[in-house]
Structures are given as C-alpha cells and as structure tokens.
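Trainee: Structure of the sequence below:
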Amino acid sequence: MAHVRTQIRNAITASLMGLTTTKDNVKASRINPERDLPSLSVYTVDEDNELETMGSVRSEKRELEVIIEVNVLAGDGFDDEVDLICQEVEEQLAGDTSLKIKNGGLLHDLYINRTQISLDQDSGEKHGMAKISYFAEYHVNENDLSTVN
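Mentor: The predicted structure is shown next:
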C-alpha cells in the first residue's frame with residue numbers, strides 16, 4: 001500500500017473534484033503543464049514528525065503541509081475568481097468529515113495555515129495563482145508508513 005502522504009494527497013484531491021468553478025480539473029501533482037484553467041493542483045511540501053511513544057515500535061504524530069494551488073487565467077476580475085475558488089476549496093475541505101479518522105478517514109486534523117496570492121506576468125499569458133497551505137495531522141508507527149493510527 002502507498003505511503004500515508006500519498007493517500008492523503010489523493011483523498012484531498014478526490015474531495016475537491018466537482019467544485020463549481022474548477023469542476024474535475026484537479027490533479028494530485030504540482031507538475032501539470034497542459035492544464036485547462038481554472039485548475040487545482042494538490043501536493044505536499046514539508047512534514048514535521050514527533051515521537052508519541054517509545055519502545056520497540058515507536059508511534060509518531062506527523063504534521064504534513066499540503067498545498068492546494070489555484071491557477072487561473074489572469075484578466076479583469078482575476079482577484080474575484082481566485083477568491084471564489086479559494087472559498088469553494090476551503091468550504092469543501094472544512095465540511096468533508098470523511099477525511100477525519102473518526103469517520104474512517106486518514107486525518108486527526110486538517111486546518112488552513114495561510115493563503116498566498118500572486119500574478120505571473122513573465123509568461124506569454126498572465127496567470128493568477130493562489131497557494132492555500134493546510135496542515136494535515138496524522139499518526140503512524142515508524143515501521144508501517146502505509147497505515148494510520
């Protein structure tokens with residue numbers, strides 16, 4: 001079975017499918033050169049680990065940073081479109097209780113950390129982007145990184 005990080009990335013991607021503005025244009029990858037806009041990319045960047053128990057098999061609490069990248073074609077109303085998509089993403093993830101371990105999901109907690117909005121004017125077409133950073137808390141044993149505790 002896949003690493004829990006991979007499972008989390010895929011679960012969040014599945015949760016974001018079918019949003020009003022981005023529809024099914026969601027990928028579990030930061031590399032998506034041939035994307036239709038608007039789109040979402042879901043990827044992970046950093047993870048902090050903390051030992052919870054000692055012994056022959058130690059359990060770990062992990063805090064994974066998950067990025068939801070919003071990409072739009074920039075023009076008039078770019079800020080409004082980015083804000084709308086961010087709102088759809090945030091409301092969906094806040095309301096999706098199936099991601100939580102108490103409901104059979106992978107996560108003990110999922111919460112937004114920050115949002116960064118930018119405009120890429122270097123390419124031929126202007127693209128707007130928002131990076132929504134979430135912290136996803138999960139627990140594993142050090143000798144089984146494909147199963148959550």
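
Trainee: Mind listing residues that contact stretch 135-144?
Mentor: Identification of contacts with stretch 135-144 by CB atoms under 8 Å, 6 or more residues apart in numbering yields 4, 8, 12, 52, 57-66, 101, 106-111, 113, 147-149. Backbone N, C-alpha and C define where each C-beta goes, glycine included.

Trainee: which parts of it are buried?
Mentor: With burial defined by 16 or more other CB atoms under 10 Å, the residues of stretch 135-144 counted as buried are 135, 136, 137, 138, 139, 140.

Trainee: re earlier: cross the contacts of stretch 135-144 against helices and list the overlap.
Mentor: Cross-referencing the contacts of stretch 135-144 against helices under DSSP state H gives 4, 8, 12.

Trainee: ok, how many other residues are close to the second one?
Mentor: Counted with other CB atoms under 10 Å, residues neighbouring residue 8 total 26.
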